Each structure stands twice: as structure tokens, then as C-alpha cells.
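Asks: Got a predicted structure here, sequence first:
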Amino acid sequence: MPLERLVEEIRERNAHDIAEETKRAEAEKARIDQDRAQRIRKIEEEIAQHSAIDIQRERVQRLAAAKLASRKEIFEAKENRGRQTLMEVQRRLAEFTQSDEYAALLRRMYAFAASELGTDLRVSGRREDAALLRSVARKGFVAEPVATSGGLVAETPDGARRLNLTFEELLRQREDRVRALLKV
């Protein structure tokens with residue numbers, strides 16, 4: 001009997017050890033499953049965070065692009081309106097050159113140039129204004145025409161000082177003020 005008892009004890013001990021190992025293996029498996037589930041949850045949260053950040057970044061970029069496009073369209077519309085208005089001003093100035101008031105303006109321009117540069121001047125202007133400029137400037141008139149829609153160019157005989165009183169130059173010098181007046 002002692003041998004049977006010894007075999008029985010060994011079997012019981014083996015069964016007990018197997019049960020203990022099984023419990024430990026199941027506990028380890030449960031711990032590994034729990035750890036894996038936590039890691040999966042953490043990865044899913046990180047992905048959700050990164051996705052939300054990427055979506056927000058994309059939204060901000062699209063909004064910025066839309067604002068930029070809007071500003072560009074507004075700027076282009078203002079510039080177009082400004083160009084059209086300046087073209088209208090140039091058209092009206094061209095009409096003005098056909099009036100009697102234009103001759104008086106050329107005389108005032110010559111008087112201004114003479115007060116700024118002295119009475120000994122060389123004066124040139126449009127081909128159409130040659131007769132009037134010749135009568136005003138006399139021997140200082142230069143027959144070579146200037147490409148302009150109106151006004152005159154005066155300079156000292158040595159060419160050291162020059163006064164450009166053409167309509168284009170006067171508009172260019174005051175373009176910012178003209179645009180402000182036109183609200184362009």
C-alpha cells in the first residue's frame with residue numbers, strides 16, 4: 001500500500017501542480033489580453049486625436065485658401081474698377097483738350113513753368129498744341145512733339161532742370177490721391 005499511496009500522492013501533487021500552472025497560465029493570458037486591449041484602445045485614441053488634428057488643419061487651410069481667393073477677387077475687382085475709372089478720366093481729359101479752357105490751362109502751365117525754372121525755357125507738347133505753344137513760348141518752342149494726351153514739358157536750355165506737366169505725369173504723381181478720391 002505504501003507504493004500505491006506514494007503513486008497517489010505523486011498524482012495528486014501533479015494534478016495540483018497542473019492546476020496551479022493552468023491558473024497561472026490563464027491569469028497570464030488574461031493579463032496579456034487586458035494589456036493588448038489597453039494598447040489597442042490607446043492606439044485608437046491616438047488615431048482619433050491625429051485624425052481630429054488633421055481634419056482641423058485641413059479645415060483651417062481650406063478656410064485660409066478661401067479667404068485668400070476672396071481677397072484676391074476683391075483686389076482684382078477694385079483694380080479693374082480703378083483702371084476703368086482712370087481710363088474714363090483720360091477720356092474726359094482728351095475731350096477737355098478740345099475746349100477753349102484747355103488753351104487757358106496751357107498758358108497757366110507755361111506761366112507756372114516760367115516761375116519755377118525761369119523765363120528762358122524750351123517747351124514741347126502735343127503735335128495738336130504746336131500753334132498754341134509756339135505763340136506762348138515763342139522762340140523757346142521745340143517742334144519735336146511729345147507723346148501725351150495733353151499738357152507740356154518745359155526745361156532749361158541746358159537741360160539741367162525739367163518740369164513735366166503732361167496730364168499723364170500729373171495723374172501718375174497724384175495717383176494715390178486720385179484713387180482715394182475715387183474710392184478705388
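Replies: Received, thanks.
Asks: Could you name the helices and strands sitting against the one helix or strand E79 maps to?
Replies: E79 is part of helix 2-96 when elements are defined by DSSP states H and E. If contacts are counted by 3 or more Cβ pairs under 8 Å, 6 or more residues apart in numbering; DSSP states H and E, helix 2-96 sits against helix 167-173, helix 175-182. C-betas here are computed from N, CA, C, even on glycine.
Asks: Ranked by average pLDDT, which of those helices falls at the bottom?
Replies: Note on the helices and strands packed on helix 2-96: lowest mean pLDDT is at helix 175-182, with a mean of 68.
Asks: Need the residue closest to the centroid of the protein.
Replies: By Cα atoms, centre = their mean, the chain has its centre lying nearest to K72, at 6.7 Å.
Asks: now that residue: how far from A48?
Replies: 36 Å (Cβ to Cβ, to the nearest Å).
Asks: what do you get for R62?
Replies: From R62 over to A48 (counting by Cβ to Cβ), the distance is 21 Å.
Asks: Look at A27 and report its pLDDT.
Replies: Per-residue pLDDT puts A27 at 91.
Asks: cool, E4 as well?
Replies: 84.
Asks: How many neighbouring residues does it have?
Replies: Using other Cβ atoms under 10 Å, E4 has 8 other residues around it.
Asks: picking up where we left off before, state the distance from the residue nearest to the centre of the chain to N80.
Replies: 12 Å.
Asks: cool, Y110 as well?
Replies: Where N80 is concerned, Y110 sits at a distance of 37 Å (Cβ to Cβ).
Asks: ok, the two, which is more surrounded?
Replies: Neighbour count, other Cβ under 10 Å: between Y110 and N80, Y110 has more, with 21 against 11.
Asks: What mean pLDDT does the strand or helix carrying the more buried one get?
Replies: Assessed by DSSP H and E, Y110 sits inside helix 100-117. Mean pLDDT, helix 100-117: 91.
Asks: in the very next helix or strand once past it, what's buried?
Replies: Later in the chain than helix 100-117, the nearest helix or strand by DSSP H and E is strand 122-125. Judged by neighbour count (16 or more other Cβ atoms under 10 Å), strand 122-125 contains these buried residues: R122, V123, S124, G125.
Asks: And for stretch 24-40?
Replies: For stretch 24-40, it's none, nothing buried (16+ other Cβ under 10 Å).
Asks: can you check stretch 91-101 too?
Replies: Buried-residue list, stretch 91-101, by 16+ other Cβ under 10 Å: L93, T97.
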